[in-house]
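Peer 1: Could you work out the structure for the sequence below:
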Amino acid sequence: MEAEYFPPKQDMILQNEAPTDLYIIVSGAVIIGKAIAGELLGEIGALCGRSQPFSVRITEISQILRLSRTALMNIFRANPEDERIIMNNLLLDMKKYLTTMQATTQQQLQ
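Peer 2: The predicted structure is shown next:
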């Protein structure tokens with residue numbers, strides 16, 4: 001896992017690209033909608049090999065941990081119980097995100 005610093009206004013992930021890394025925000029912020037310290041980015045590309053549905057741009061100087069897909073899969077193979085927990089947590093996060101997006105869309109349509 002590598003820690004990196006990103007300056008404001010830098011695109012970290014571009015829409016429709018297929019990132020091979022998972023990112024964890026240690027400090028700072030990015031805009032998707034809004035992501036804050038402790039949130040994951042790039043999980044769709046890293047875990048599913050799918051292109052990103054949105055771009056991610058740094059909004060303030062940010063420290064980001066980068067974990068390659070290969071390293072993540074090696075961790076999962078060595079720790080299957082941890083894989084199950086992580087995948088369940090990601091699914092819960094995705095459900096919350098989708099619920100929030102649906103509510104926002106409903107409000108905008110009214």
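
Peer 1: Excluding chain neighbours, what is closest to Pro7?
Peer 2: Leaving aside its chain neighbours, Pro7 sits nearest to Ile61 (6.0 Å; criterion: C-beta to C-beta, 6 or more residues apart in numbering). Quick note: C-beta positions are derived from backbone N, CA and C, even for glycine.

Peer 1: what about that neighbour, which helix or strand?
Peer 2: Here Ile61 sits within strand 56-68, counting by DSSP states H and E.

Peer 1: Given that strand, what are its sheet partners and their directions?
Peer 2: Applying DSSP bridges, strand 56-68 is found paired with strand 2-6 (antiparallel), strand 11-13 (antiparallel), strand 21-31 (antiparallel).

Peer 1: quick one: average pLDDT of the shortest one?
Peer 2: Read it as strand 11-13. Strand 11-13 carries an average pLDDT of 87.
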